[in-house]
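> Here's my sequence, what's the structure:
(chains A and B)
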Amino acid sequence: MIVTYLLRRVLYGFATVLGVLLLLFVLFFLVTTPDDIARRALGEKAPPEALAQWKVNHGYDKPRIWNPEAPTDTMLAEHFKRMLTFNFGNSDADDVAITRRLREGVGPSLSLALPLFLLDLPLAIALALLVALLRETYVDRLGVALCVLGMSVSVLLYIVGGQYVLGKALRWFPISGFDPRPSVILRFLALPVAVGVMSGLGEGVRFYRTVFVEEVGRDHVRTARAKGCGEGRVMIWHVLRNALIPILTQVVIAIPFLFTGSLLLESFFGIPGLGALTVDAINNNDFATLRTMVYIGSLLFILGQILTDLSYAFVDPRVRLE
Amino acid sequence: MEPYVVSNVVTGVLLLAAAVAVAATRNRLWRDAARELWRRRPVALLAVGLYVLVALLDSIAWVGGGEGVALARPRSVVDRMFPADFQERSYSAPLAATGLYGGAPLRYPRRHLLGTDILGRDVLLQTLKGARVALLVGGLTTLIVIPMALLFGVTAGYHGGRVDDAVFFIISTLASMPGLLLLIALIMALGRGTVQVCVALGITGWVGFCRVARGETLKLRELDYVQAARALGASSGTIIRRHVLPNLAHLVVITFVLTFSGLVLSEAVLSWLGIGLDGSWGQMIDQARDELARDPIIGWNLGAASVALFGLILAVNLVGDGVRDVLDPRTRRERP
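Presented below is the predicted three-dimensional model:
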């Protein structure tokens, strides 16, 4: 049973990957054509021969969709073949192999995203539980109001303000930079992690509070209370455990971002991860890297979704995989 | 056609449409809901109204008036509240008489309420003009998103089968791409302009609502009165128009308000990455990102844009919560 479900789910996931690749082809070969890409790299006034040479050098020189002599020798086929075999080729901007860039970037990205994730989630859940425990009191109202305030602040202000307050005014942390040596890495990561946790907290707490409050209103919680359970035990044992499904969804959705990195945090605080790589690709019109990043992000996302669906079955006995 | 003429025409059409919509709403439920919303969130509604007013005033522009260069340039009502060449050489502090560097006297001493930015532009004027960009991003995009999502969602939910499979595949493909990355890819491919950014935001934003519309239609289709209408021989077009769409209307309003703030915040992030809209608050924040490092600190630029952005998002979020409480019957029951 579970094997057929898994097989079907993986096949559908693969179809989605193909859909993503098709969309990328439409965007980066049909909407923005290889000619446009070459022109952006070389400038508007570049001579046609230079454009043609650039296209040959960067592997953009085949017919796009239809080649009467050899139907498989097109950009379309090439695009799918390269992406599906993880053979991403070289960057459009400086001809460095994209795979090497990715390998170099994963470490810094993970070293920022993992602590961020491990701090953010328990903190949000704990605060949400507390607020839900004190629901309909002033603490709850204040908590919700603070969440709405926090959600309304742009992440940009958290970044600029956080750097100013924690880095410059209080001088707790270095204002930016990165050093992978274990003895000093924490000094550089503390500030971006703190800013990241702050910026996501409002939305997180509010989301989990809604989940918990909804769960509190259910009959089984009333029964638990009626048989004499303490309020703390009710929250942990009856509410938290039953709210695991939405929590799990959030967790698995967050996992791909661990790898693709937080674009804004990395580029602002000078952490040489995958997010910073993407921002560089935008600034340099590096379409090959951009394509790869979108593809990898989607791939991880799809994997995450499959894992979520599977994990539902382990967490919730009511869910049957069919 | 000149851009300012387009802007004038669009503003006129929008105002007319809004007036007609309000006047034509005979339904007591909507009027009650509006009154209830006003009772719950008067301040937030007033704040949103203020932003809308500034944006409208900034959307109506004409050529003429003033002297010199300003004569040939179309200027909006908001522009006309300030002198035509309200510009200094570079930074000046709020209400300062001299420039920040060098101490040369300003052309308009003590007139720049919020100071000037690095190019000498008045920060207050720029902040006011940002309202139009923000509402354009939120409003224009939602106007793209909602019809598209309704069309696909309702068709898929109502007809089911192959159509549903196809729509669901499109939705799940778009949903399986991390939002910001998809947004960046779209803008890099489509180019950088107002319409392009709005279309890109629309393509990433319609998925969630399409899913909701599809799910709700699936539910509505099975209700007794819809079955009865079908048994009486009503065509699917009639059923969708008379029974499905009216029952989705409250979702449309809720989604409109809840998507709005997300869109404006996304635009700010895009500006930070250098692919946003000209004149937005995000762009002002982006330009001011390193100014806190200067000595003396220059904070008025960043502060004005951040406060304006925060105010709009907070007001819209509060109105959004109010709208949801008033219109969605489910949230009322949840309160224990």
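> What ranges does chain A have for its strands?
Read by DSSP state E, chain A holds no strands at all.
> Give the burial count for A:G43, as a bare number.
Close neighbours of A:G43, defined as other C-beta atoms under 10 Å in any protein chain shown, add up to 9. Where C-beta positions appear, they are placed from N, C-alpha and C, glycine not excepted.
> pLDDT score for it?
On the pLDDT scale, A:G43 is placed at 79.
> how about B:D85, secondary structure?
With DSSP: H, G, I helix; E, B strand; the rest coil as the basis, B:D85 sits in coil.
> quick one, phi psi at B:W62?
Torsion angles at B:W62 (phi, psi; degrees, to the nearest 10) stand at phi -150, psi 160.
> what bridges to it?
Assessed by DSSP bridges, B:W62 has beta-bridge partners B:R75.
> Check whether it really touches B:S7, as I assumed.
No. The pair B:W62 / B:S7 is not scored as a contact, 10.7 Å apart, by C-beta atoms under 8 Å.
> Those two: which has the busier surroundings?
Taking other C-beta under 10 Å, B:W62 and B:S7 do not tie; B:S7 has more neighbours (18 against 13).
> The residue nearest to that one when sequence neighbours are not counted: how many residues sit nearby?
With sequence-adjacent residues excluded and distances taken as C-beta to C-beta, 6 or more residues apart in numbering or on different chains, B:S7 is closest to B:S59, at 5.2 Å. Applying other C-beta under 10 Å, we find 22 residues neighbouring B:S59.
> and B:S59, what does it touch?
By C-beta atoms under 8 Å, 6 or more residues apart in numbering or on different chains, the contact list for B:S59 reads B:S7, B:N8, B:V10, B:T11, B:S76, B:R132.
> Of the residues you listed, which is the most crowded?
If you count neighbours using other C-beta under 10 Å, the busiest of those is B:R132, which has 23 neighbours.
> Can you tell me how far that one is from B:Q126?
11 Å (C-beta to C-beta, to the nearest Å).
> what touches both of those two?
With C-beta under 8 Å, 6+ apart as the test, B:R132 and B:Q126 both reach B:G279.
> How many neighbouring residues does A:L123 have?
15.
> how about the residues of the stretch 101-250 of chain A that lie near chain B?
Residues of the stretch 101-250 of chain A lying close to chain B (C-beta under 8 Å from any C-beta of the partner chain) are A:135-136, A:148-149, A:151-157, A:160, A:163-164, A:168, A:213-214, A:216-217.
> so what are the domain limits for chain A?
A:2-84, A:107-315 (automatic domain parsing).
> and the ones you listed, which is most packed in?
Ranked by mean neighbour count, these are led by domain A:107-315 with a mean of 19 (mean count of other C-beta atoms under 10 Å in any protein chain shown).
> starting at the chain centroid, how far to that one?
Going by C-alpha atoms, centre = their mean, to the nearest Å, the spacing between the C-alpha centre of domain A:107-315 and its chain's C-alpha centre is 11 Å.
> tell me the mean pLDDT for it?
Across domain A:107-315, pLDDT averages out at 86.
> do the same with stretch A:20-35
Here stretch A:20-35 scores 88 as its mean pLDDT.
> what's whatever residue of the stretch 51-200 of chain A ends up closest to chain B in contact with, if anything?
When scored by C-beta to the nearest C-beta, the stretch 51-200 of chain A has A:S152 as its residue closest to chain B, at 3.9 Å. Neighbouring residues of A:S152 by C-beta under 8 Å, 6+ apart: B:S261, B:F310, B:I313, B:L314, B:N317.
> how about CSV for those residues, with neighbour count, distance to B:W30 and pLDDT added?
Output for the contacts of A:S152, formatted as CSV (neighbours: other C-beta atoms under 10 Å in any protein chain shown; distance: C-beta to C-beta, whole Å; pLDDT from 0 to 100):
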residue, neighbour count, distance to B:W30, pLDDT
B:S261, 22, 23, 88
B:F310, 16, 30, 93
B:I313, 23, 26, 92
B:L314, 18, 25, 93
B:N317, 21, 22, 90
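> Now tell me which helix or strand of chain B has the poorest mean pLDDT.
Of all helical and strand segments in chain B, the minimum by mean pLDDT, DSSP states H and E falls on helix B:329-334, at a mean of 54.
> For chain A, state which of the contacts of B:S59 is nearest.
Of all the contacts of B:S59, the one with the least separation from chain A (C-beta to the nearest C-beta) is B:R132, at 18.0 Å.
> what's the distance between B:L312 and chain A?
Per C-beta to the nearest C-beta, to the nearest Å, B:L312 is found 9 Å from chain A.
> per-residue confidence at the closest residue to that residue other than its chain neighbours?
Residue nearest to B:L312 in three dimensions, not counting chain neighbours: B:Y51, with 5.3 Å by C-beta to C-beta, 6+ apart. Looking at B:Y51, its pLDDT is 94.
> and B:Y51, what does it touch?
By C-beta under 8 Å, 6+ apart, the contact list for B:Y51 reads B:A131, B:A134, B:L135, B:G311, B:L312, B:A315.
> Now with 7 Å, please.
Counting by C-beta atoms under 7 Å, 6 or more residues apart in numbering or on different chains, B:Y51 makes contact with B:A131, B:L135, B:L312.
> And B:H250, by the same measure?
By C-beta under 7 Å, 6+ apart, the neighbours of B:H250 are B:L327, B:D328.
> Name the next helix or strand downstream of the helix or strand where it lies, please.
Assigned by DSSP states H and E, B:H250 belongs to helix B:245-272. Where DSSP H and E defines the elements, the next helix or strand beyond helix B:245-272 is helix B:281-287.
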